[in-house]
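>>> would you be able to build a 3D model of this:
(chains A, B, C and D, ligands or ions: 4)
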Amino acid sequence: MSYRPLIGNPMPQLALHGVVKTYGQTRALDGAALELRGGEIHALMGENGAGKSTLIRILAGLEVPDAGQITMNGAPVALPSPAAAEGLGLRFLHQELQIVSALSVAENMHLTHPYPSSGFGLVRWGALRASAKAALERLGITHIDPRATMGDLGPGDQMLARIAATLVDTKGPRPWAYVLDEPTAALTGAEAERLFAALLTLRAAGHAILYVSHRMDEVLRLSDRVTVLRDGRHVSTMGRDQVSREQIIQDMTGRDFATLYPPASAPTETAPLLQVRSLQSGILRDIAFTVNAGEVLGLAGLSGSGRNHLLRALMGAVPRQGQVLIKGAQLGHGPAAAWAVGLAYVPRERRAEGLMLLQPLADTVALPHMPALSTAGFVRRAWIAHLVARLVQTVRLKAQSQAQVAAELSGGNQQKVLFARALAGPPVVLLLDEPTRGVDVGAKFDIYATIRGLTAQGVGLVIVSSDLPELIGLCDRIGILHSGRLTQIVPAAGLTEGALLALCYEKEVA
Amino acid sequence: GEKIAVITPYLSQPGTQFYVEAFEARAKELGWEVNVIDTQGDVAAVISRIEDVVAQGVNGIVINVDPAQIGAGLDAAAAANIPVVGMDAGADPRIKANVTSNGYEMAAVTSVYIANRIGGAGGVVMFTFDAFPPVQVRGVIADAVFKNYPDIKVLDRITPDVSDGGIADSRAKMEALLAANPEPGSIKAVWAAWDQPALGALQAIEAAGRQNEGIVITGIDANPQARDAIAAGGNFEASVAQDFKGIGSTAADTLARVLGGEVLKANVIYVPTQLVTSVNAK
Amino acid sequence: MVRFLRHYGTLMGMAAIIVVFWVLLPDTFMTARNWLNITQQVSMLTVVAVAMTVVMVVGDFDLSVGSMASLAGIVAAVLFTLGFSVPAALAVALGVGLVGGLVNGVLVSVIGILPFVATLATLTMYSGAAFILSGGKTIFGRDIPQAFGDFAKSGLPLGSLGDKPFVLPWLTVLALALTAVIFVVLELSTYGRRLYAIGGNAEAARLAGVRVTFLRLTAYGFTGVGAAVAGLMYAARVASANPTQGEGLMLNAIAAVFLGMTLTRHGQPRVLASVLGVLVLGIMDNGLTQLQVDSYVREVLVGLIILLAVSISALGRKAIGRR
Amino acid sequence: MVRFLRHYGTLMGMAAIIVVFWVLLPDTFMTARNWLNITQQVSMLTVVAVAMTVVMVVGDFDLSVGSMASLAGIVAAVLFTLGFSVPAALAVALGVGLVGGLVNGVLVSVIGILPFVATLATLTMYSGAAFILSGGKTIFGRDIPQAFGDFAKSGLPLGSLGDKPFVLPWLTVLALALTAVIFVVLELSTYGRRLYAIGGNAEAARLAGVRVTFLRLTAYGFTGVGAAVAGLMYAARVASANPTQGEGLMLNAIAAVFLGMTLTRHGQPRVLASVLGVLVLGIMDNGLTQLQVDSYVREVLVGLIILLAVSISALGRKAIGRR
Ligand SMILES: Nc1ncnc2c1ncn2[C@@H]1O[C@H](COP(=O)(O)OP(=O)(O)OP(=O)(O)O)[C@@H](O)[C@H]1O
Ligand SMILES: Nc1ncnc2c1ncn2[C@@H]1O[C@H](COP(=O)(O)OP(=O)(O)OP(=O)(O)O)[C@@H](O)[C@H]1O
Ligand SMILES: [Mg+2]
Ligand SMILES: [Mg+2]
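Numbers count the residues shown, from 1 in each chain, chains lettered A, B, ... in the order given. Ligands and ions are numbered 1, 2, ... in the order given. Have a look, this model is predicted:
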């Protein structure tokens, strides 16, 4: 199976200018611009929340911009619906892995496209499978059966199938541009290589690829041009010859790391607060480490290495074996036991795992501390009000009142609600899972300042973050997780992002 | 002994219970094995259950639903030569006999009782239930009787929600009407097509403290709860006793005759009814 | 404007309904006696709706309340016929309600069956049990102790009103008391706040140390007991017990809670809002009957008014989400 | 083992039930005639359950099917009394079903009311409309054309069986035909596959460009028409129309679909599984009646068996999730 080379217009060109999109008070895009040409791999970079996915959703016809112009080969076009985007020859893979587990791989691959069907609108199953198989083969994938149920596949294979879905050949308008939002996030090295090979073939046939990734190495290796967004604005577009890691980071953050990470204060004492010995849970094997008072331990590792699972196991949210000691005392099972001895937690998915979106923020803050905030089973509202008022100041939460619901807060302030909750105890050891995900730069700085304040008070912290500079800037030591094993713990001082990434990859390379 | 199936959608109605019990009692004497099947209001399910017992090979079937609605079931029974007897059902050529009270007569007796007691003038509240054919005919008669008195005004013709048995909702409706007609004497009588609404109306009148206005209430069926109320000498003055036991045992006897090979000439058998007032309530 | 409509749409609708009845029925609607009637008529529905609110707070619901109400009434009546004393029979009936509720809780929370399926199945079973126990018959008359029926006929004397004594019916008192209890449980106790947290986000609640499975289970206990209380009130009011008499309660109770939810700021079930929902249904029934609106037209009107209230609130929510 | 139980638990349960009846009723249960009876008895429920499957595929449900069935029967009967021809009356009744279904669809999908509330309100309204149109009366006798009632009594002659002619009842034929249509729509058409995608992950479907709002709306149209067809079948079978006669259909249809869902691999609603669910209910009714099991005990048994089937599948799902 080969690609149909692009005939006709040799250099299709899609451009966006001055795109503005606001959600409530959040300005997701504020003058974004992008230009995409046939025959190039174009990387779209930016911090979390910079507006990359929003821009892509606008291209896909899922969101209508408040302002801005979109042109195709110089002529203005409108993208009111996904069908319109498909009509312009655009294909999409959106950021969150969107699968329908109960349907087959072949059907999942045709969610966007019409099914091959007979005159009466009846599905031709054979043709459907053949079409899916052909698309998979374009990625060199033969081990996925199009008839298999999507939910039975591993996350990597699911992602591969969704990527292959953008390559499905349909009778409709010829696709020429493929837009992939963080396609490699859930892929192993080998799987990613297959994807890259397919992308290069597509490019050679004159197609365009717009590609979002936080993995700097991939971007530097593959892309012909890089566009950087910051706070919804276009910052720069660089050609292959101008692009460098330093330049991208400079454009993405627009600031010095020194201003972003407040200096650490020297640990006052070295009493072990959290001791973990031979912990087993899920894929985790033989985990052992200690966190001392005032110390920040970072956890780094590739996606799926078990960082998230380790924090959940410590909280007792998943079953675990082995020893976990808080201030030398054995920790009981279940989240209630963890909160009770001062093990506090800020989960990764704040909406799914942390917030009650439609409830007063004070209720969310008070929830794990209910035993201390009640007498004889009755809630002491005055105590809660007093506590929350203090915490709101500590974390610099911007809210109208304690009764405001989390859904009405911006993402950064939502995150601060969960911080406030974690500080209410007060905590002995605080576990943070991607604490600054989707958080804007200002809020990030507030959170870093809060973390520093905690270490000064002698709280121990464990931080999981995919943002490597953040880990290096905040932590005293960094543990490297690899396939459920804690392979080493290194001091953060003097570590570079590249070196840390190398450590994460090390075992796989070796 | 013979296997007999009694199929009814209305077993939770007090009247039905009595004649089914009387039927069972008589059947026991006759040495029959009786299977009572309640389809809880579902008439199509009566057809289904007739088909089931025909398949099972019963000797006779007793129904108490309008035969016009279960023609398919009657055909199945006829095809298998299984005799069907109606118990307060309706007339149909495929039914050997229908044993019943005369519903028109009962409604005439109570509505005329009211007309006479209130001197042929005043406001009357009617409780009816037209969705159930045997009760619907009672309403028709009462309408005709009240219409015949130019000074009787039907204030409202209420269909209570019977899903709760009929008392509580009738009471709520009556309370609203009492509130809407606060003048003593503005409501002279309550005619109910069966006893439950009459009992609900009585409770409403007593709760409103208007039991001394002389509001006359009548029901039909004279169930024990109604008899108690009538005997107490309050507003609930009259009901008509169907001879449920008589219907049940007559139905059994009729079926026995059919099973014995007798061809019945009259296929409607009326069991006499009796007006119940405080004189004869106990 | 949108926000305003969403928050106050239903309340204004209620006020409008009351005003319309007041104008059309100047002498009879806005009287103390009529309101006493209404409160007494809706007392059973109030108890069920308030108890239903507890499971709805955790995001579930319970279809079996109607048959549980019937079953509780039948259990008490059967025990009466067996010569049990009134308190003993009532205690057993309430116990049946508690057990029935907990069975629902186990099915939903521990075994993990969808609330709709689990409580649909128990609806059938509890109703079947009521039929078996009663033999499908209505139990009444001499079998029901005088004191039991009298309870529903009397009340708390509160002075006099014109020439007649002013009495707050015991059924109303009971409904108020249970509403107060559930209010305290849901709004003031840590238990209730945890239930709200579960309803808001069960996974987040679990991670915050809430014992989700256990609490969700217990919520059904309240609903079971509430349904049983309502069934007993019903039996007392009609001085008889019938295996189908609770049937109408389920859909009305759920409708009342949903109607109440349109009154609350974020569409959550709240006790007092549920009571308002019940009152709307009761007032419409009373007013439309007084106006001699045909019973069938009344049904359609009630459906329409529910839809209007809920639509306004749903559209308001959408408009706010869109900004 | 767990996986096996989950997938085949319900099927094995069904087989067990059939074997038990076969053994206990050696002469009458496993006969062609009895099975014909069963298929005819469940034909109306089949149509409603199959139509309900369509909305359940998109993750919603429809409480108004029962009153829509009653309303359609009443509409046809009233038109008969007005002298309309049979085809004209049936066409109008089906049109009412379509419109009623689409109204539900608009309320749920466009306005955004929860399916439970929206269809609860329309349940009340459609039922009220049926009462108004019929004046609350049962319409029967001369008003119903002979041909209409005869339809339900006759069938497709398929040769003879012993001495009696072997006839496949038209009601059964109709149920089979509608099942086939819905099967084709859901399993073989692009439209149906889109509905499954919406039910499986509405957000994914939306991002993929599926017109979620519109398709969800149309799904209710099928359910409305299906309910109307069932209502007309019911009216033909009892040769009369009554404003309450569809009442029993709703809960049974939902129960059948849920029962069917325990048969499918991912717990999805599937047409043929729903039909099996209906058959389980029908076989139990038939067999238990023939065994002269008390009707009330039958109810409890049916509830228990549903719970068992669903529990096994729920526990199986849990056990698999845990690994
Ligand atoms: N539906 C929405 N409602 C409100 N705010 C939104 C919505 N979608 C996005 N946002 C906000 O818009 C901003 C840009 O989000 P976007 O998803 O485009 O970021 P991104 O660059 O893709 O980030 P990431 O690297 O984390 O994927 C964020 O502040 C986000 O919180
Ligand atoms: N309860 C569980 N049972 C078995 N395996 C599990 C369980 N929970 C997680 N896993 C697996 O353990 C691995 C580690 O998952 P985890 O989410 O902790 O990784 P991570 O390092 O946080 O990566 P990511 O950033 O992708 O989430 C994954 O492969 C996941 O599928
Ligand atoms: Mg993104
Ligand atoms: Mg993870």
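>>> hey, let's count contacts and neighbours off CA atoms from now on
Fine.
>>> can you tell me the helix or strand for the closest residue to B:Ile167 other than its chain neighbours?
Distances taken as Cα to Cα, 6 or more residues apart in numbering or on different chains place B:Gly200 nearest to B:Ile167, at 4.6 Å, with adjacent residues excluded. Per DSSP states H and E, B:Gly200 falls inside helix B:195-207.
>>> do C:Leu123 as well
Per DSSP H and E, C:Leu123 falls inside helix C:115-134.
>>> so how far is that helix off the chain centroid?
Relative to its chain's centre, helix C:115-134 lies at 18 Å (Cα atoms, centre = their mean, to the nearest Å).
>>> picking up where we left off before, what pLDDT is listed against the residue nearest to B:Ile167?
On pLDDT, B:Gly200 comes in at 91.
>>> list the contacts of it.
B:Gly166, B:Ile167, B:Ala168, B:Asp169, B:Ser170, B:Arg171, B:Ala172, B:Met174, C:Val238 (Cα atoms under 8 Å, 6 or more residues apart in numbering or on different chains).
>>> can you count the residues close to the last one?
Same thing as C:Val238. Close neighbours of C:Val238, defined as other Cα atoms under 10 Å in any protein chain shown, add up to 25.
>>> so how far is A:Ala362 from it?
From C:Val238 across to A:Ala362, the span is 47 Å (Cα to Cα, to the nearest Å).
>>> excluding chain neighbours, give the residue nearest to residue 80 in space.
Going with chain A. Nearest non-adjacent residue to A:Pro80, counting by Cα to Cα, 6+ apart: A:Gly61, 5.2 Å away.
>>> hmm, no, I was thinking of chain B.
B:Val54 (7.0 Å).
>>> I'd say that neighbour and B:Ala78 touch.
No - proximity of B:Val54 to B:Ala78 does not meet the contact threshold set by Cα atoms under 8 Å, at 9.6 Å.
>>> residue ranges of the strands in chain C, please?
C:139-140, C:155-161, C:164-169, C:240-241 (DSSP state E).
>>> and what of the stretch 251-400 of chain A?
A:272-281, A:284-292, A:296-301, A:321-326, A:329-330, A:343-346, A:374-375, A:378-379 (DSSP state E, counting those that start in this stretch).
>>> out of these, which is closest to chain D?
Minimum separation from chain D across the strands of the stretch 251-400 of chain A (Cα to the nearest Cα) falls at strand A:272-281, 11.9 Å.
>>> packing partners of that closest one?
strand A:284-292, strand A:321-326 (3 or more Cα pairs under 8 Å, 6 or more residues apart in numbering or on different chains; DSSP states H and E).
>>> residue contacts, the residue of chain A found nearest chain C?
Closest contact between chain A and chain C, by Cα to the nearest Cα, is at A:Ala336 (3.7 Å). Applying Cα under 8 Å, 6+ apart, we find A:Ala336 in contact with A:Pro368, C:Ala208, C:Gly209, C:Val210, C:Arg211.
>>> how deep is the last one tucked in, by neighbour count?
One way to gauge burial is a neighbour count; for C:Arg211, by other Cα under 10 Å, it gives 18.
>>> mind checking how far it is from D:Ala205?
In this view, C:Arg211 and D:Ala205 are 34 Å apart by Cα to Cα.
>>> so which of the contacts of A:Ala336 is the most crowded?
C:Ala208 (32 neighbours).
>>> re earlier: within reach of ligand 2, which of the contacts of B:Gly200 are there?
When Cα under 6 Å from any ligand atom is applied, no member of the contacts of B:Gly200 is adjacent to ligand 2.
>>> got the contact list for residue 41?
Defaulting to chain A. For A:Ile41, the contacting residues are A:Leu199, A:Arg203, A:Ala208, A:Ile209, A:Leu210, A:Tyr211, A:Leu222, A:Ser223, A:Asp224, A:Arg225, by Cα under 8 Å, 6+ apart.
>>> should've been chain C
B:Ala172, C:Gly282.
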